[in-house]
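Participant: The following comprises the amino acid sequence and a computationally predicted model.
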Amino acid sequence: MARILETATEPVSAVDVDVITLDLVENALRNARYEMDEVLFRTALSPGIREQHDEFPLIADPEGKMVVGQFGLSIPDFLDNYSGTIEEGDVLLTSDPYSCGAAISHANDWLVVMPVFHSGRVVGWASMFGHMSDVGGKTASSMPTDARTIFEEGVIIPPFKLYKQGVLAEESLEIILNQVRKPDWNRADLNGIVAACRTAGRRIQEMCDRFGTDTYLSALDALLARNHSAMKTLLAMVFEDGKAISFTDYICDDGVGFGPYELKMTLTRTGDKVTIDFTGSSPQAAGPINYYINENLIRMFFGIYMITVADPQILWNDGFYPLVDVVIPEDSFWKPRFPAALSGRNHGIGRVFDLLGGLLGQTNPQLMNAAGFSSSPHFMYSGTYSSGEQQGEWFQLYSIGFGGIPGRPMGDGPDGHSLWPSFTNIPCEYLESYYPLRIEKWETVPDTGGSGLHRGGNGVDVAYRFLSDGEIAIHDDRWLTYPWGVLGGEPGARGTKWLEHLDGTREVLPSKCHDVPVKSGELLHFVTWGGGGWGDPLARDADLVALEVRRGLVSVDGARRYGVVCSDAGEVDATATESLRAELAAGRPDPLPIFDSGPPMEQILANALAETGLPAPKPPVARV
Amino acid sequence: MAHRLGVDVGGTFTDVLLIDTDSGRTWRVKTASTPQDQSVGVLRGVQRVCADAGIALADVTEVLHGTTVATNAILEGKGAKVGLVTTQGFRQVLQIARSFVPGGLAGWIIWPKPEPLADLENTVEAVERVASDGAVVTALDAEDVRTKIRRLKAQGIEALAVSLINSFANGDHENQIGAIAVEELGADFPISLSSHVLPELREYERTVTTVANGYVQPQVARYVGALADELAANGVDGPLYILRSDGGLASAATAAANPVNLLLSGPAGGVTGAAWAAEQAGFRDFLTFDMGGTSTDVALVQDLTPRIGRQTRVGDLDVRAASVDVRTVGAGGGSIAHVPPLTQALRVGPQSAGAVPGPAAYGQGGEAPTVTDANVVLGYLPSALAGGEITLDVDAARAAVRTIADATTLDSVEAAASGIVDIVNENMFGAMRLVSVQQGFDPRDFALVAFGGAGPLHANALGRLTGSWPVIIPPSPGVLCAYGDATTSLRDEAARTYIRQFTDTTDDEIRTALDELAATAKATLSAEGVDEADMGVVQSVDLRYHGQGFEIPVTVDMTAFDGEGGGLAALAARFDAEHERLFGFLLTNAHEVVTLRASATGPRPNVGAETLPPGTGDDEADLAAALLVRSDIWVSGQRVSAGIYDRSKLTAGAVVTGPAIITEMDSTTLVLPDHAAEVHPSGSLLITPVTGTTQSQEG
């Protein structure tokens, strides 16, 4: 438990805060949070942060409760696990999920936590974590897909003072940076994260000056209370008392041959509170896909889903946390035992989007989305330039791919986009300027989005021609199970990756692999998955289907899934369409299924090799 | 005798300002805009203002025009049907964009994705490939692309954009396609090549900018052509210039060729107008605050020079084009206040009542409480003094605002109205922080120039929030854009991407490249008849640490490039200073050049200000002569008596002490208690806190 040293001793009194001041503080907090992003984006060096924005800011109240942020991380758990003192000018750093109650969930994420002092007392916390492209270990980018323990995943920094009363712990930092492959990236990104936290600190201090510390802190309490009361009302409105709802989805495999892993979420409201229970989920995985999740993160995720639709302008905060109990079984996928490997947890995090959609959509039609691009699949390429001016120089790329947003209550899912906020792709011209790569194709794949009244977004095919020998690594999923459709919508297509060798042969790559050697001249197709469809595809406007045929987003054959018959030029044959639609309608179950996850699991597994080119994984076994 | 004519076309009114450049005397005319063909309204205004001034149209030496034709084409989705040629494999570059979804963690659920400006069915791929160093990997298949362009022609495209991968490094293939397109589509067909429009790295940004150029080009060309013809036909001899987004002027022909540079022509006019007014009042550093019915634009001006950004945002569209760094926030007089039942928070905007139905007080069927209604409730817009055009319905405004009081714990209609005003002010304050604090500038070092229909009403409160004094209300705040149009100078910029680490280049290389760019920019002005001796040239370099994704523009001191080899070191020092100021740390990575730029500016026109007559010497009597009536208004929860003054009757040197309201034809200024507005001889009102009684809240 951290001990915080404050020179001010008199307590701050609670004061009434009028609704106007409250909104002013809310607005200023929101601005400060975006300013944190801006500072980091503009100064970071690693493409993962500067181009793709793999980072998460947070501002908390003196107790560590988040008052604004984009994605929770838990300062209270961090402080509980830190045994030293904390005083003005200190800046703390960690990358060890097991030392901070999973405030971060793999060692690539470097978490900075900074107290904000005003007139001798802590008035809040600024915090941010960012994904470092490399933190050392046995493979470039530090996410070996066959890791069985966290010790294989690079340097693990326990919580320590990066700055002690404003003075940088240079030696410690140098020791850490000596472990990684691209120390200048880590140094710059870390500098940017600290600068962002300091910016937030200044904004908090300015608010204390402007409104008075008592008013500022009371306003935070009121903002937390606002979330609490809003959530209380919502919970009663949306969930029937005592009735459990449940949803299950999967992670296809764990990188070492086992899968699929079952992820189960059950929600029950009892009075004012709900319980989210992960019981029934698979045991801890053998490979590195475990998603060690902090309870507060689940609360956050759940809350954001619930509140965003009700008041999009609200500032999410921790205020409603007491209303949500979370049960996570020990030794499970969600709470693995130290020193389980964690680096490939991005699928687990992403799959929470789908899980919450499938769960909450059952009682809240506005949240009834199909399964989407619920991951942030990684593509990594590294080596030394085999020729040219830069011969012998080390290069290293970590990048995130994008796919189909699902069909949504409000309309079609965008093609080739990100489900994660603020992420963007790395431009082709950037990749080609800084890496020995030529991108030969970057387009969405027709028909990969699930059909529906609202079409699921298409997945993307990026074709990378390697211009230097090197090694690649891939972290992907949904190659086996389907991104499901809802309310009659069909599933989207699964993802696939293959290498075209110099002799023209094709090799399908596993969805999780690393240290795969590639030769200059070889071509990788990285094809991501589509989003599921929403609603009855036969009800979609035939002219719109035909227009998408002309646009190359749906094929002539694919149009038939909507019961639309059209020419190669995208002209609808109205009569043929009418009869095809009647025929398809007659052959369907009535009512249409709420969820369509494709064929039964046994069939998916049985056909795995034939359909995907990859053998079915073995059933997961519990840890002994 | 020379006469410059500034013309600004807004959504409702067209403002025309005639300046006698010798005496500085001005004539203003406000006439209804004619959206179907804006040139009709413009010509009517020009005729009227010349008649008022007693001059012939032939006496107008030049016409300077800020236009929203390009902006409106984007906002209303009424641009041209654009055909797009991409490199094979990149047909969906606009469809995929940057894969970015705005909003928070669940933002994708509620995001309506805008359609690309060039439809996919009108996008074709060229068989060709250039590497990032400009080397040709695959030669262009000319016949294939010719066939595809014919197909686009058959599909009825109205403009063509060509944007190939890595064309920033080598534009040959684009030029070849351009030549083929001329053969197939004709010499007059609008063709935009990305290597000409924006020769910068990042394919999506370059493509969307090029397509946007094509999207607005036919309308802009038609409009500018028609206006030039009509002006000539009616006897105006002088040339027509268009105000660019970066605040410079371009000839009508240049503007029509690169219309993507006009998207912020309107706001740029406001900022340059503010610069003119501030200079007359003796201030060189200031924030601008342009509040209209649906949105507010803010910008920062240092030493009378607006900061120029590389990004232009219109509606949902972000393009890479130089523009005055104006930040827009969806807060205006028409912004609607609402209380989401779940959170009981008071929100203002971004929804707006727009022109129809408008605020409840306008009596056109609007019922939702707007910022204007709140101002009416508080007595800041007295119904008897609304300039006559619109009679304000106070009861309707009160009824609308009452819904907010009822939905919250606020205990009176006035308290709710104050809340609405405070929150909208805070939203606008947020935009001002973006251009000041977030860029490392302390707003207390700046004055604040407020204009637009609603700006002067909220300006004093914004001054309190930012600590920017004085708050300057220029003469005729509603037609300031026309002043900007009339008082700015010709400008052109040339740029090129030139990615080199400092270790891989030399002073000589940089100097040569910058000199070439300067020559290009100056050539444009020479073609407009500007004498080279009258041109000002500013060269700048966008720099970063090797590996960073964003650049910081640094102005080049060319005297450091004297052949002694100190140029790059001087650049590095300037960059480091700027990086330290913005972010508080430095890196040891190599410095890297990304883009070189040169801008050439013509001489600033000599436009003097009119000088207000001084008072009689009896200050009290002078003020009394301008006092229309006294009226009760609500400030800080209290009812107070405020003097209401006619601005046109205020004499130079007069001091109006708050609480007070100063009205004029197109705007109303609120002076808060403990503040005073002094009338500057140039016509501006300068509001400052009354010493000793109040301080900036920012402290």
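Facilitator: Nice, thanks for sending it over.
Participant: Just want the phi and psi numbers for residue B:629.
Facilitator: When read as degrees, to the nearest 10, the backbone of residue B:629 gives phi -170, psi 160.
Participant: isn't it right up against residue B:645?
Facilitator: No - using Cβ atoms under 8 Å as the test, residue B:629 is too far from residue B:645 to be in contact (9.5 Å). From N, CA and C alone the C-beta is placed, and that goes for glycine too.
Participant: what about the two, which has more around it?
Facilitator: residue B:645 (26 against 13; other Cβ atoms under 10 Å in any protein chain shown).
Participant: Quickly find the element holding that one.
Facilitator: Residue B:645 belongs to strand B:638-646 when elements are defined using DSSP states H and E.
Participant: So which residues of the stretch 51-200 of chain B form strands?
Facilitator: Taking DSSP state E, counting those that start in this stretch, the strands of the stretch 51-200 of chain B run over residues B:60-66, B:82-87, B:123-126, B:129-130, B:136-138, B:159-162, B:191-193.
Participant: Let me know which of these is tucked in deepest.
Facilitator: Of all these, strand B:159-162 has the most neighbours on average by mean count of other Cβ atoms under 10 Å in any protein chain shown, namely a mean of 29.
Participant: got the residues of the stretch 151-300 of chain B near chain A?
Facilitator: B:165, B:166, B:168, B:201, B:202, B:203, B:204, B:205 (Cβ under 8 Å from any Cβ of the partner chain).
Participant: what sits against the third one?
Facilitator: It stands for residue B:168. Each residue near residue B:168 by Cβ atoms under 8 Å, 6 or more residues apart in numbering or on different chains is listed here: A:429, B:194, B:195, B:198, B:199, B:200, B:201, B:206, B:497.
Participant: Surely residue A:548 touches residue A:451?
Facilitator: No - counting by Cβ under 8 Å, residue A:548 stays clear of residue A:451, with 10.7 Å between them.
Participant: Neighbour count for the two, which is higher?
Facilitator: Between residue A:548 and residue A:451, counted using other Cβ under 10 Å, the more crowded position is residue A:451 (32 against 26).
Participant: for that one, what are its contacts?
Facilitator: Residue A:451 makes contact with A:485, A:489, A:490, A:533, A:537, A:540, A:558, A:561, A:562, according to Cβ under 8 Å, 6+ apart.
Participant: how about a cut-off of 6 Å?
Facilitator: Each residue near residue A:451 by Cβ atoms under 6 Å, 6 or more residues apart in numbering or on different chains is listed here: A:490, A:533, A:537, A:561, A:562.
Participant: Which one of those residues is nearest to chain B?
Facilitator: Distance to chain B across the contacts of residue A:451 (Cβ to the nearest Cβ) is lowest for residue A:533, with 15.7 Å.
Participant: Got phi/psi on that closest one?
Facilitator: Dihedral angles (degrees, to the nearest 10) for residue A:533: phi -90, psi 160.
Participant: neighbours around residue A:6, how many?
Facilitator: By other Cβ under 10 Å, the residues close to residue A:6 number 15.
Participant: Quick one: neighbours of the nearest residue to residue A:335 once chain neighbours are set aside, just the number.
Facilitator: Counting by Cβ to Cβ, 6 or more residues apart in numbering or on different chains, the nearest residue to residue A:335 once its immediate chain neighbours are dropped is residue A:328, at 4.7 Å. A count of neighbours around residue A:328, defined by other Cβ under 10 Å, yields 19.
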